[in-house]
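Trainee: pasting the sequence and the predicted coordinates here, then a few questions.
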Amino acid sequence: MSAEQTQVIEKPPATAPPAGREARFWSPRRAPATLVALLTLVVAGAFLYDIAAVRAHRPAMRWRLELAHRLAEQPLDGSWVLMGAGAAAALGLWLLTLAVTPGLRDVLPMRPIHPDVRAGLRRDAAAAVLRDRALEIPGVRRVRVRLHRTSADVLAISHSRDLDEVRSDLEATLTGAIHALGLAREPELTLHVLRPGRKG
């Protein structure tokens, strides 16, 4: 059986600018905005053109007459009406969600150093830093880091040293590395130290 040690490490007191609840970065979401704008432009443009044609004493376009005829004959509890209403509601909910959530979950806000400057660190880059620092510890063979906004889950495989010593070194190194990242909300470190599994 493999030995495992798990410990939750508390964050040290900040000596740099105090960590706070810095807001996440907002995503511009260009693709959804462009799609909605183009769709609205096409639909509104088609209806406006047809209305202008009718005002100019020209016959209405066939597609609008056919659409109005079908809608007039369709019962409100029909399957097509319900499916269309559900699709419209889902689209509206998706757009509302995009409007009220910041996005850019892969960018972690950093502690503000200047009031006019905001900085962020990509989650994968921060995880790579922690992984590299952990691999510097003697006896550590492999490291897996899962970094979230509030937690840093580190799994280390040690093969040649006592697990208590490896855990102690990893605790000190990673706690300092997390603080050195300068994140506005320092993630809580959860450390797992394992022996490599036996082959066969």
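Mentor: Happy to help now that I have it.
Trainee: now do the contacts for the residue of the chain positioned farthest from its centre.
Mentor: Counting by Cα atoms, centre = their mean, the extreme residue of the chain relative to its mean C-alpha position is residue 57, 53.6 Å from that point. Counting by Cβ atoms under 8 Å, 6 or more residues apart in numbering, residue 57 makes contact with nothing. From N, CA and C alone the C-beta is placed, and that goes for glycine too.
Trainee: now do it, the pLDDT please.
Mentor: You'll see residue 57 listed with a pLDDT of 79.
Trainee: just the CA trace of stretch 186-196, in CSV.
Mentor: Taking C-alpha atoms only, stretch 186-196 is exported to CSV below (Å, rounded to 0.1, in the frame of the first residue of the first chain):
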residue,chain,number,x,y,z
GLU,A,186,-4.1,33.7,-2.2
PRO,A,187,-5.3,30.1,-2.7
GLU,A,188,-5.3,27.8,0.3
LEU,A,189,-2.7,25.0,-0.2
THR,A,190,-3.7,21.4,0.1
LEU,A,191,-0.7,19.1,-0.1
HIS,A,192,-0.7,15.4,-0.8
VAL,A,193,2.6,13.4,-0.6
LEU,A,194,2.6,9.8,-1.9
ARG,A,195,5.0,7.0,-2.6
PRO,A,196,5.0,5.8,-6.2
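Trainee: check which helix or strand the residue farthest from the centre of the chain maps to.
Mentor: Taking DSSP states H and E as the definition, residue 57 sits outside all helices and strands.
Trainee: gap between it and residue 30?
Mentor: Residue 57 sits at a distance of 42 Å from residue 30 (criterion: Cβ to Cβ, to the nearest Å).
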